[in-house]
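Asks: Need the 3D shape of this:
(chains A and B, ligands or ions: 3)
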Amino acid sequence: MVRLLQFAGQGVFYAMVAVLIGYFATTPVYQQFPEGMAQLKLSFAHGARREKACSRLTSKEIAKLPPNERRPNNCERKRVAVHVQLDVDGTRLLDALLEPIGLAGDGPARIYRKFPVEPGAHIVIARLRDSRSTEGFDYETRREVFLAEGQNIAIDFKADAGGFIFR
Amino acid sequence: MMELLRAPLRFVFDRAEQGLGLIFPPEWNPMLNLGALGFFFYWIITASGIYVYAFFDTGVTQAYDSIEYMTHDQWYAAGVMRSLHRYASDGLIVVMLLHFIREFSLDRYRGVRWFSWITGVVVLILVYIAGITGYWMVWDQLAQYVAIVTTEWLDHLPIFGEPIARNFLSPDMLESRFFSLMVFMHIAIPLIALILLWVHLQRVSKPRINPPRGLAIGVMASLLLLSLIHPAVSQGPADLARVPGTIGLDWFYLPLYPILETLPGPLTWGGAGVILVLFCSIPWLPPMRKTPVAEVNLENCNGCTRCANDCPYNAISMRVRSDGLPFESEAVVDPSMCVSCGICVGACPTATPFRRASELVSGIDLPERTVADLRQEVEKICQPFKGKNRILMFGCNHGVSMSGLKQENVRSISMRCIGQLPPSFIDYVLSKKFADGVVLTGCSENSCHARFGARWTDARVARERDPQLRRRVPRERLRVLWAGRAGRDKLDTLLRNFTDDLAALPAEKSPVHKASERKKLMELADG
Ligand code: HEM
Ligand code: SF4
Ligand code: SF4
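Replies: Ligands and ions are numbered 1, 2, ... in the order given. Have a look, this model is predicted:
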């Protein structure tokens, strides 16, 4: 009798553990993104112009360099910061100066940002400056997009491809 | 400080163990088989994983489709295997975390035990990584979430020139190479974990790797039933052009993902770093009192190998005799592996309190509290011990508490481990009339702090393992109780009943005191 009760108890125990595992393997569900919204994702990695233009070395200066380091130009490695703006329907969602990465500041500037937006039609304007000038933008793209609920549109930037790319 | 944390945890584990003890035979108690269950789940995961892998296609769209095929078209085989794979992985997390917390609560991570602890921490991390890569491979909406949150989190570190989360920016940027990497990691990491588990057990002798059959059958049956009733399914194909709103998270593997996703990177990385450093350093946090390790006294060691057989931590090896005595081998203690439990002392045939002619020096002993000290304590605590039904109790520092005993007729001696007590002490106490009865107690049977203290004591008393309790010891004057910390009630009851039982026994003959007889005893004990 005791043995039987024991087995029954074990059955109940196993069932409880199984229910626990089965339940927490997927539930409670997690709302990772608000219902009824859409998303714009702005991300790129882009190397801007160098901070200073390369200067031509004089032949004297070249001669002074050790033989294995002789070169016609002297280039500073540091790049300028990338200035980027994102407007949606006239509201500025982002206005940022992205510093280059790398210890010497010679790497690309990077961004990876997500913006939840209402679904529907929007006018998106993205601007970017990567030159040494201090005002104005080198690239600007204006795009009318339509976002369904839960849709995600990525805005990438590739200078070779002419600027911003909406994916 | 740590003790404040350990005590309540230990209380919970003791209670859980007791509760399960009501429905499980002692050997099957899941709480006492956590490590073994970990291995059991690992084997289920491996077997089901191999089966599922045979049907798995690597690739952006093929992956999801091949898993859908398994789940729906072949639900009776590959589908069940998939479910087993998932649920055994979840079970592994449960038993691993319990094992982790339990070893901590039992204070089994400090000193030379750092070895098992640190390898355990690495395995813990690897198991999580294996699980995460597993969810990634399915390439459903959960996988998409996992991929994006993971890469975004890694991108907080300034090591990637281009954010790796950009690989998941839009459908046209997705490449199969990421899947190949995941498949590779998902196979390689569990293998590395297995190797580390082998290392994990290098310093524990005779580890319980396989759960007892009854428990294994029960666990397997419940996993199978769960897989049939509530099969594991995917959560819709991944689509990087969409943001899934709600997803079903596996809360065993991914409970931190919502946090990683919402809190700023420096905070989550900082937090992870602090936790890792804490986990890796607790074996060395104060108070770090290193008790002197067991020492061999060669003159008294006859190379019988009993200590090496009984040491729970592989700390003793038998080497070629170095002192010219006519024995084959000698015991050698590796101080870096000895936890000073004293179980070897309890195993040594020369550790007998009957030895009077020569000075009592055991072949192996704990310098902090030698067998000679122990004998002295026995004699002191029992002098004078007047009255009837006098009980001398031997217990350990980790088991049931013996403080504040209410009964006048009970006195107690606590040791590092009950396994330190050579069985000849029981004979000594009873035959010399130091007390009328002896109680041995300690940790609960299968969760002995020094792993084998209770087990070897049982076997020695039952005359199944050397050194055996002498036959002449009246068994009715001996009680053994493995109660664990929560067992004070049981102990009090046992002491009351034992007192009554002793009172009912007929008076004994006079004690052994004749010189000739003592000499004979000594020879017996020595030989
Ligand atoms: C899959 C994961 C793991 C498995 C399968 C496993 C398995 C085992 C087994 C079978 C034992 C021997 C138990 C015995 O026979 O007494 C053991 C001991 C031990 N484990 Fe684990 N373990 C795992 C993870 C961990 C983790 C994450 C930790 C903590 C960081 C840990 C800490 C320990 C310690 C400290 C011991 C030694 C106990 C002692 O000194 O008496 N283990 N493990
Ligand atoms: S004291 Fe314990 S760990 Fe050390 S050698 Fe003896 S039995 Fe092994
Ligand atoms: S148990 Fe004692 S006599 Fe036997 S090998 Fe160990 S130390 Fe030597």
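Asks: Nearest residue to the residue most central in space within chain B in space, ignoring adjacent ones along the chain?
Replies: Geometric centre of chain B, nearest residue: residue B:103, 6.0 Å, by C-alpha atoms, centre = their mean. Closest residue to residue B:103 apart from its sequence neighbours, by C-beta to C-beta, 6 or more residues apart in numbering or on different chains: residue B:109 at 5.8 Å. Any C-beta I mention is one placed from the backbone N, CA and C, and that applies to glycine too.
Asks: For the one you found, give me phi and psi.
Replies: phi -140, psi 0 (degrees, to the nearest 10).
Asks: For it, list the residues it contacts.
Replies: Residue B:109 is in contact with B:103, B:116-117, B:282-283, counting by C-beta atoms under 8 Å, 6 or more residues apart in numbering or on different chains.
Asks: In helices only, show me these.
Replies: Among the contacts of residue B:109, the members found in helices (DSSP state H) are B:103, B:116-117.
Asks: Could you double-check that the residue nearest to the centre of chain B lies in contact with residue B:120?
Replies: Yes. Contact criterion C-beta atoms under 8 Å: residue B:103 and residue B:120 qualify, at 7.4 Å.
Asks: re the thing from before, can you tell me which two in the contacts of residue B:109 are farthest apart?
Replies: For these, the farthest-apart pair by C-beta to C-beta is B:116 and B:282; their separation is 12.8 Å.
Asks: Neighbour count for these two, which is higher?
Replies: residue B:116 (22 against 16; other C-beta atoms under 10 Å in any protein chain shown).
Asks: The more buried one reaches residue B:204, doesn't it?
Replies: Yes. When contacts are counted by C-beta under 8 Å, residue B:116 is listed as touching residue B:204 (6.5 Å).
Asks: Near chain B, which residues of chain A are found?
Replies: A:6, A:9-10, A:12-15, A:17-18, A:21-22, A:24-27, A:29-35, A:38-39, A:41, A:43-45, A:101, A:107-108, A:110, A:112, A:150-154, A:156, A:167 (C-beta under 8 Å from any C-beta of the partner chain).
Asks: Report the buried members of the residues you listed.
Replies: A:10, A:13-14, A:17-18, A:21-22, A:24-26, A:30, A:32-33, A:38-39, A:41, A:43-45, A:101, A:107-108, A:110, A:112, A:150-154, A:156, A:167 (16 or more other C-beta atoms under 10 Å in any protein chain shown).
Asks: Show only the entries of these found in helices.
Replies: Residues of these located in helices (DSSP H): A:10, A:13-14, A:17-18, A:21-22, A:24.
Asks: residue boundaries of the strands in the stretch 101-250 of chain B?
Replies: Listed in chain order, the strands found in the stretch 101-250 of chain B under DSSP state E, counting those that start in this stretch are B:246-247.
Asks: Which residues of it lie near chain A?
Replies: Contact residues (C-beta under 8 Å from any C-beta) of the stretch 101-250 of chain B with chain A: B:145, B:152, B:155, B:158, B:161-163, B:165-166, B:169-173, B:218-219, B:221-223, B:225-226, B:229-230, B:232, B:235, B:240-250.
Asks: Which of these fall in helices?
Replies: In this view, those that belong to helices under DSSP H are B:145, B:152, B:155, B:218-219, B:221-223, B:225-226, B:229.
Asks: Lowest mean pLDDT among the helices and strands, pick that one out for chain A.
Replies: Lowest by mean pLDDT, DSSP states H and E among the helices and strands of chain A is strand A:73-74, with a mean of 73.
Asks: what's the distance between the residue most central in space within chain A and ligand 1?
Replies: With distances taken as C-alpha atoms, centre = their mean, residue A:112 lies nearest the centre of chain A, 1.6 Å away. From residue A:112 across to ligand 1, the span is 34 Å (C-beta to the nearest ligand atom, to the nearest Å).
Asks: and if you look at residue B:401?
Replies: Shown here: residue B:401 relative to ligand 1, a distance of 21 Å by C-beta to the nearest ligand atom.
Asks: Not counting residues beside it along the chain, what's closest to whichever residue of the stretch 251-400 of chain B sits closest to chain A?
Replies: Closest to chain A within the stretch 251-400 of chain B is residue B:251: 4.3 Å, counting by C-beta to the nearest C-beta. Of all residues not flanking residue B:251 in the chain, residue A:24 sits nearest, at 4.3 Å (C-beta to C-beta, 6+ apart).
Asks: wait, doesn't that neighbour sit right on residue B:253?
Replies: No. Judged on C-beta under 8 Å, residue A:24 makes no contact with residue B:253 at a distance of 10.2 Å.
Asks: Quickly list what's touching both of the two.
Replies: Common contact partners of residue A:24 and residue B:253 (C-beta under 8 Å, 6+ apart): residue B:90.
Asks: Show the contacting residues for the residue of chain A found nearest ligand 3.
Replies: At 39.6 Å from ligand 3, residue A:6 is the closest residue in chain A, using C-beta to the nearest ligand atom. Listed by C-beta under 8 Å, 6+ apart, the contact partners of residue A:6 are B:22-25.
Asks: Which of these sits closest to ligand 2?
Replies: Taking C-beta to the nearest ligand atom as the measure, ligand 2 sits nearest to residue B:25 out of the contacts of residue A:6, at 27.7 Å.
Asks: do you know how far the closest one is from ligand 1?
Replies: The spacing between residue B:25 and ligand 1, counted by C-beta to the nearest ligand atom, is 18 Å.
Asks: Look up phi and psi at that residue.
Replies: With angles defined as degrees, to the nearest 10, residue B:25 sits at phi -60, psi 150.
Asks: What are the neighbouring residues in contact with it?
Replies: If you count contacts by C-beta under 8 Å, 6+ apart, residue B:25 has them with A:6, B:214.
Asks: Residue A:158 too?
Replies: A:44, A:46, A:165.
Asks: So which of those residues is the closest to residue A:55?
Replies: Distance from residue A:55 was checked for each of the contacts of residue A:158 by C-beta to C-beta. The minimum falls on residue A:46, at 24.6 Å.
Asks: Near ligand 2, which residues of chain B are found?
Replies: B:293-294, B:311, B:313, B:315-316, B:333, B:338-344 (C-beta under 6 Å from any ligand atom).
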